[in-house]
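Engineer: Structure, please.
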Amino acid sequence: MMQHHGRFFLLYDNEMYMNTGGQTGSQTPLFAITSNGYLGKQVRKKNMLAIMEAHCIDYVASANIAYPEDLMNKFKKAASKHGFSYIHILAPCHRGWGIKPEETIEVARKATECGLWELYEVDQGQRTRTYEPSFIPVADYLKAQGRFRNLTAEQLADYQKAVDAYYGRGE
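Structural biologist: Okay, the predicted model is just below:
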C-alpha cells in the first residue's frame, strides 16, 4: 500500500481562462485567438514546467489527457514523494479551441505527437522523456483548431522550426 507523504499540485491546463469566456492567459500559446484576443496572442506562453523545475522541487511532470497510463504513473509517483510535486496536464477545451467535443482526445494526442507538448518528468533533478512522439507535422495539430485559423504559412513554419530545433531534428 502506497502512503502519501508529500503534497502535489495538478495544473489542469486548457491554455485559456475558460471560466471567464475563453480569455487570453499566461498559458495561451503564441498566435492563438481568444475571446479578448481576436488577432491572436502576440507573446509566447509562460513555461510553467521550467519555472517549477527551477525551484528544485521533488517531482515535476508534464501529462496529457490523451495518455492516461502515463498520467496515472505520474500521479502515483507524485503521491509517493515526501516533498512537493507538480504535474501540468494538457486538457483541451472544445469551445475555446474551436474543436468538436468528440475530437478532444484526438487533438490532445496531436499536441504530443507533433512535439509541442512533450511528456516528461523531473524526478530528484533527473529529467526523463516518458513518451517519444511520432513527429507528425505541427500543422496537423494547429490547423485542427479554430483558435489557430488565422495562422500564416510563415507562422506555421516558425512553429515547426522551433519543434525541430528543440528535438534536434533540424538541419
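Engineer: If we go by neighbour counts, what in the helix or strand where residue 52 lies is buried?
Structural biologist: Per DSSP states H and E, residue 52 falls inside helix 48-54. Across helix 48-54, burial judged by 16 or more other C-beta atoms under 10 Å covers 48-49, 52-53. For every residue, glycine as well, the C-beta is placed using N, CA and C.
Engineer: Quick one: distance of stretch 120-127 to the chain centre.
Structural biologist: 17 Å (C-alpha atoms, centre = their mean, to the nearest Å).
Engineer: what's next to it, contact-wise?
Structural biologist: Stretch 120-127 has contacts (C-beta atoms under 8 Å, 6 or more residues apart in numbering) with 53, 56, 58-62, 74, 77, 128-130.
Engineer: mean confidence score for it?
Structural biologist: Stretch 120-127 shows a mean pLDDT of 95.
Engineer: Next, check the contacts of stretch 120-127 against the strands and list the overlap.
Structural biologist: 59-62, 128-129 (DSSP state E).
Engineer: From those residues, pick the one nearest residue 88.
Structural biologist: Ranked by distance to residue 88 (C-beta to C-beta), the ones in strands among the contacts of stretch 120-127 are led by residue 62 at 5.2 Å.
Engineer: who touches the closest residue to that closest one other than its chain neighbours in this structure?
Structural biologist: Nearest residue to residue 62 in three dimensions, chain neighbours excluded: residue 88, at 5.2 Å (C-beta to C-beta, 6 or more residues apart in numbering). Contacts of residue 88 were listed using C-beta under 8 Å, 6+ apart, and they are 11, 13, 48-49, 52, 60-63.
Engineer: what about residue 88, which SS state?
Structural biologist: strand (DSSP: H, G, I helix; E, B strand; the rest coil).
Engineer: And residue 25, by the same measure?
Structural biologist: Once three-state DSSP is applied, residue 25 turns out coil.
Engineer: how about the contacts of stretch 120-127 in a markdown table, adding distance to residue 161?
Structural biologist: What follows is these, written out as a markdown table (distance: C-beta to C-beta, whole Å):
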| residue | distance to residue 161 |
| --- | --- |
| 53 | 24 |
| 56 | 31 |
| 58 | 35 |
| 59 | 32 |
| 60 | 26 |
| 61 | 27 |
| 62 | 21 |
| 74 | 29 |
| 77 | 33 |
| 128 | 25 |
| 129 | 20 |
| 130 | 25 |
